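In: A predicted structure for the sequence below; I have some questions about it.
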Amino acid sequence: MKRFSLVAALMLGAASTVTFAQSPGDVPAIKCEPKPVLPGSALMQDKMVVKRFQGDIDNYKKCMNEYLEARKVAMKANEVAANKAIEDYNALMKSLNDQQKAQQ
C-alpha cells in the first residue's frame, strides 16, 4: 500500500507542474485586412467598383482560408502530441502497476 501511495503522490506532483492549456496569446491573430466594405447601391452600378469589391472579397476569403488551414495544421499537431502523451502516461502507469504486482 505504501508503494501505491508513493506512486500516486509522484503522479499528482508531476501533473501539478505541467501546464496543459494554451493561452489565447499563443494563437496567432487573424490578420486579414482590409475587410471588404459594401459600397452603396449607387456605387454598385459602376462595373469598376463591383470588380474592386469582388476582388476585396476574394482576397479576404483567400486570407481567411489560409489562416484556417494553418489553424487546422496546428490542431492536428496538438492532437498527435496529446495522444502521444496519453500513450506515454498509460504505458508508464501499466509498467508501474506491473512492477508493484511483481514485488508483492
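Out: Nice, I can see it. Residues are numbered from 1 along each chain as shown.
In: From the centroid of this protein, which residue is nearest?
Out: Centrality entry for the chain: nearest residue to the mean C-alpha point is Met75, 3.9 Å, by C-alpha atoms, centre = their mean.
In: Sticking with that one, tell me its helix or strand.
Out: helix 47-103 (DSSP states H and E).
In: before we move on, the earlier item: next, find the distance separating the residue nearest to the centre of the chain from Glu69.
Out: Distance check for Met75 against Glu69: by C-beta to C-beta, to the nearest Å, it reads 11 Å. All C-beta spots, glycine's among them, are computed from the backbone N, C-alpha and C.
In: what do you get for Ala85?
Out: The value you get for Ala85 to Glu69, if C-beta to C-beta is used, is 25 Å.
In: Same check on Asn97?
Out: 42 Å.
In: go on, Val49?
Out: 31 Å.
In: Equivalent analysis for Ala102, please.
Out: 50 Å.
In: who's more crowded, Val49 and Glu69?
Out: Val49 (14 against 10; other C-beta atoms under 10 Å).
In: The more buried one contacts Pro39, correct?
Out: Yes. Val49 is within contact range of Pro39, at 5.3 Å (criterion: C-beta atoms under 8 Å).
In: pLDDT-wise, which helix or strand of this protein ranks last?
Out: helix 2-17 (a mean of 52; mean pLDDT, DSSP states H and E).
In: So Pro36: helix, strand or coil?
Out: Under the three-state scheme (DSSP: H, G, I helix; E, B strand; the rest coil), Pro36 adopts coil.
In: Now Pro28: phi and psi?
Out: phi -60, psi 140 (degrees, to the nearest 10).
In: Around it, count how many other residues there are.
Out: Pro28 has 10 nearby residues by other C-beta under 10 Å.
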